[in-house]
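Visitor: need coordinates for the below:
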Amino acid sequence: MSRIGKLPVAIPAGVEVKLEDGNVITVKGPKGTLTRKLVDDLTIEVSAAEVTVTRPSDLKRYKQLHGLTRTLIANMVEGVTNGYKKELEINGVGYRAAKSGNKLTLTLGYSHPVEMIDPEGITTTLEGNNKIIVEGIDKEKVGQFAAEIRTKRPPEPYKGKGIKYATETIRRKVGKTGKK
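Guide: Residues are numbered from 1 along each chain as shown. Coordinates of the predicted model:
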């Protein structure tokens, strides 16, 4: 039995979970509403206080989908109650970020500024010139947009310049040494 899949997902107060035909689940909470189509093969049961996921047999495919489906539902419930947040830091001389409306402008040492528009359901905020906070209710979208921002200038190992996650540590390398 899947250790993750067999755990029920608790539904906190103020959150409403609906299951429609074709395993389409809708989670509505104080921060917003999320809808997702899940695999038809698994059985999802919604009671007043919890959601449980069961699989039809012990085939490898069902074992893989069991824990995944339960985690996706748990992430939806967590997102509509608390939301998700990723923090990015910009390191480097002259590297900075600016925000106007829903447009994020990054100055990263290129000949032109890099402009990014916030996707629907995602908000970016700045703390100073070098800290970007990406927030939203969909964990997948928040992580994807944070990764897209990071790819504009990933951190390099010699001086540590670039955009990195706040929790990330960069393995530094020693540069060349000259002969004497």
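Visitor: CA atoms for contacts and neighbours, from now on please.
Guide: OK.
Visitor: so the residue sitting nearest the centre point of the chain, which state does it fall into?
Guide: With distances taken as C-alpha atoms, centre = their mean, residue 143 lies nearest the centre of the chain, 2.9 Å away. Secondary structure, DSSP: H, G, I helix; E, B strand; the rest coil: residue 143 is helix.
Visitor: hang on, it packs against residue 122?
Guide: No - using C-alpha atoms under 8 Å, residue 143 is not in contact with residue 122; the gap is 10.3 Å.
Visitor: biggest strand in the chain, by residue count?
Guide: strand 84-91 (DSSP state E).
Visitor: partner strands of that one, parallel or antiparallel?
Guide: According to DSSP bridges, strand 84-91 forms sheet pairs with strand 131-136 (antiparallel), strand 162-165 (antiparallel).
Visitor: ok, back up a step: how about the residue nearest to the centre of the chain: what's its closest non-neighbour residue?
Guide: residue 86 (7.1 Å; C-alpha to C-alpha, 6 or more residues apart in numbering).
Visitor: which residues of the chain fall in helices?
Guide: For the chain, applying DSSP state H gives helices covering 60-81, 139-151.
Visitor: list the contacts of residue 8.
Guide: By C-alpha atoms under 8 Å, 6 or more residues apart in numbering, the residues touching residue 8 are 50-53, 70.
Visitor: neighbour-wise, which of those leads?
Guide: Highest neighbour count within the contacts of residue 8: residue 70, with 21 neighbours (other C-alpha atoms under 10 Å).
Visitor: need the contact list for that one.
Guide: 4-5, 7-9, 52-53.
Visitor: same question for residue 24.
Guide: 35-38.
Visitor: can you pull up the bridge partners for it?
Guide: When assigned by DSSP bridges, residue 24 has beta-bridge partners residue 20, residue 37.
Visitor: number of nearby residues for the closest residue to residue 117 other than its chain neighbours?
Guide: Using C-alpha to C-alpha, 6+ apart and skipping residues adjacent in sequence, the residue nearest residue 117 is residue 103, 4.5 Å away. Per other C-alpha under 10 Å, the neighbour tally for residue 103 reads 15.
Visitor: and the gap between the closest residue to residue 121 other than its chain neighbours and residue 49?
Guide: Closest residue to residue 121 apart from its sequence neighbours, by C-alpha to C-alpha, 6+ apart: residue 136 at 6.0 Å. Relative to residue 49, residue 136 is positioned 25 Å away (C-alpha to C-alpha, to the nearest Å).
Visitor: looking at the two, which is more packed in?
Guide: More neighbours surround residue 136 than the other of residue 136 and residue 49, with 23 against 14 (other C-alpha under 10 Å).
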